[in-house]
Each structure stands twice: as C-alpha cells, then as structure tokens.
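**Q** Generate a structure from the sequence data that follows.
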Amino acid sequence: MRKALSIIGLLFAAMIAQVAHANPTYVYTYTLSSPGYDLTWTTDPIAAVTGQTQIFAANLASYSVTGSNWAGYALYSAIIDEPNCSGLNSCQVTQFTSSSCLTEPGCFESDIFSTNDGLTLAEYSTPGTYTSNAPIEVLDYTCCGASFVSGTTSLTVSAVSPTPEPASIALFGTGLFGIGFIIRKRLFAFGQEHSPTA
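**A** Below is the predicted model of the structure:
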C-alpha cells in the first residue's frame, strides 16, 4: 500500500514539475482612445513577444472598433512591437482594410499607431498596463496620407498560468488506474487467503 501511495506521489510531483517548467504565455490587450478612432483588441494566450509579431483579425481573441472614422473599414491585423514607428521606438499598429481590398492577399488600406509607445522588449513579458499619450499617427493609403490626432494608447500585458498538457494528464490517469488495479488485486488475494474454510 505504501509503495502504491509513493508511486501516486511521484506521478503527481512529475506533473506539477512539468507545469512549473512550461513556457509562460501572455495575453495582450491594446486600447486606442481618440475621437473617431476608438478601438481595442485582445490576443489569445501567446508566447512572450520578442520582436515584431503580426496577428490577423481572425486569430485575435476579440476586437472592437467603435470609432466613426472607421466606417466602411474592417480590422485587418494587429502588429505588436512594430520597430521604428515614425523613426522612434517600437509601437503597436492596427491595420484596416475595406471590402474593395479584401479580395487581394496582403491588402490593407489604413493603419493607426502611437508614434512612441516607449515599451522595452522586457516589458512585453512583464505584466502591467503601459500607457502613452504620444501623438497618434493615422496613415490612409486611399486618400489622405499621414495625419496626426491626439489621444491615449495602452497595452496591458497579462501572464497566463500554464495548464498541464493532455499527455501529462493522460499519464497521471493511467498511473492511477494501474495502481488502483494493483490494490484491487491485492485486496482480492488478501480476502481469498483469509476467507473462512468449510
């Protein structure tokens, strides 16, 4: 019995160790607040951003575009850690497209970003909310070129606790089943040995 309990403990410890050493993941939520340009988007849990990362709209966990100036446009992609925004630090870029452009692969017609979010690479894996009041640049390739608006941008970095992989859970379950079978077999044998004889 003690041996069986020891095996259960070892299996459980191995599963916990695997979870503890799993690569951490993060959820990124970006919000841009500016009259006529309001938007927000959230990623699914992903590995820590270590460079420019583009996530297409269909692969975002959620997004909302409420700015009236985006009427007729659809969110195309979100880019985290775009380098050299307006020649300054990296930033988060939101790209938009319209129905006339959707049939062309890689086609987008407008994007918007803070000219200086000021995030360091380490902050993309440090939970917190990072806010910028730097000028916001709007690039419209259909008509108007570049323009600047005032507003606020923020990026919230949230750490997500790793969960056990299905293989680990299956291994643990198999171990418990095997131990249960051994205990049942021994109890049956014990009952046979100690049953009253006629």
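**Q** domain ranges for the chain?
**A** 2-21+163-193, 25-160 (automatic domain parsing).
**Q** weakest of the ones you listed by average pLDDT?
**A** Between those, the one with the least mean pLDDT is domain 2-21+163-193; it has a mean of 57.
**Q** residues in contact with stretch 121-140?
**A** 24, 26, 28, 32, 34, 37, 48-51, 80-81, 85-86, 109-119, 145-159 (C-beta atoms under 8 Å, 6 or more residues apart in numbering). C-beta: built from backbone N, CA, C; applies to glycine.
**Q** E82 contacts F113, doesn't it?
**A** Yes. Between E82 and F113 there is a contact under C-beta atoms under 8 Å: 6.9 Å.
**Q** got the residue ranges for the helices in the chain?
**A** 2-20, 166-193 (DSSP state H).
**Q** Wait, T31 touches Y63, no?
**A** No. T31 lies out of contact with Y63 (C-beta under 8 Å); the separation is 10.7 Å.
**Q** what residues are shared contacts of the two?
**A** Residues touching both T31 and Y63 (C-beta under 8 Å, 6+ apart): L39, T40.
**Q** shared neighbours of E82 and F113, which are they?
**A** Counting by C-beta under 8 Å, 6+ apart, the common neighbours of E82 and F113 are C91, Q92, V93.
**Q** Now for the first one, how many residues are close by?
**A** Summarising burial for C91: neighbours were counted as other C-beta atoms under 10 Å, giving 26.
**Q** Good, we can wrap up now.
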